[in-house]
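My questions are about this predicted structure, shown below with the sequence.
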Amino acid sequence: VVHSTNQSMPNAEALERRNPVLYLFHRYRVDSGGPGKYRGGMSTESAYKLHGADEAQTIIWYTDRDVPNYGLEGGEPGATAQIVLKKATNVNSLLEHNIPDFKEIEGQESLLPCQNSPMVVTENDVILDQEPAGGGFGSPLDRDPELVFQDVVDGYVSVDIAKSIYKVVLDSEGNNIDWE
């Protein structure tokens, strides 16, 4: 399975049909776009595991882990890329009940370097692939609070980042901006 940071990814079902993998999710990566008056472009993240094969050999190679896409005119950088491997997990027992989030999966977690020698993964291992995101433009404090609120509602920005970086506080239910 090949992912590229400068091309769109085929849908997960097409990849699963051609490869012995099962995607747990492929989604936008929350808080990835660099904060700014104009938020940087968001990245995606995918988690997947072997499916229909006991083990496979893979090579992990990626860029943009150490140097972020910078923001401009006071905008902040976007999230960097990373690939995380969880070995010897409980993913298969969790899948008997639902599709787990990566945080729910227990196992030996390691951040992979940008270039690896061939390595073996098994049906009990899970790979999290997080792509790099764009930097913001302009100061985050100049972003319209209504746009920040909509970013939170849409799942692009967390409540914590809305408060700590954009200085937009939501009410206790998270349904409205607390203007006080």
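It's in. Numbers count the residues shown, from 1 in each chain.

Quick one: neighbours of N92, just the number.
Residues lying near N92 (other Cβ atoms under 10 Å) number 11. The way it works is simple: take the backbone N, C-alpha and C, and place the C-beta from them, glycine included.

same thing with T58?
Counted with other Cβ under 10 Å, the neighbours of T58 add up to 15.

Then V168?
As a burial measure, V168 scores 25 neighbours (other Cβ under 10 Å).

wait, what's in contact with it?
Neighbour list for V168: 145, 148-149, 162, 177 [criterion: Cβ atoms under 8 Å, 6 or more residues apart in numbering].

which of the residues you listed lies closest to A79?
Of all the contacts of V168, A162 has the smallest distance to A79: 16.1 Å, by Cβ to Cβ.

Nearest spatial neighbour of that closest one, chain-adjacent residues omitted?
Once flanking residues are discounted, A162 sits nearest to V168: 4.6 Å by Cβ to Cβ, 6 or more residues apart in numbering.

how close does that neighbour sit to I161?
Distance of V168 to I161, computed by Cβ to Cβ, to the nearest Å: 9 Å.

For the residue nearest to K37 when sequence neighbours are not counted, give me the pLDDT.
In this structure, K37 finds its nearest non-sequential neighbour in G138, 3.0 Å apart by Cβ to Cβ, 6+ apart. G138 carries a pLDDT value of 98.

Just checking, which helix or strand of the protein averages the lowest pLDDT?
One helix or strand of the chain scores below all others by mean pLDDT, DSSP states H and E: helix 12-18, with a mean of 84.

for that one, packing partners?
strand 21-28 (3 or more Cβ pairs under 8 Å, 6 or more residues apart in numbering; DSSP states H and E).

Report the buried residues of the strand it packs on.
Within strand 21-28, the residues that count as buried by 16 or more other Cβ atoms under 10 Å are 21-24, 26.
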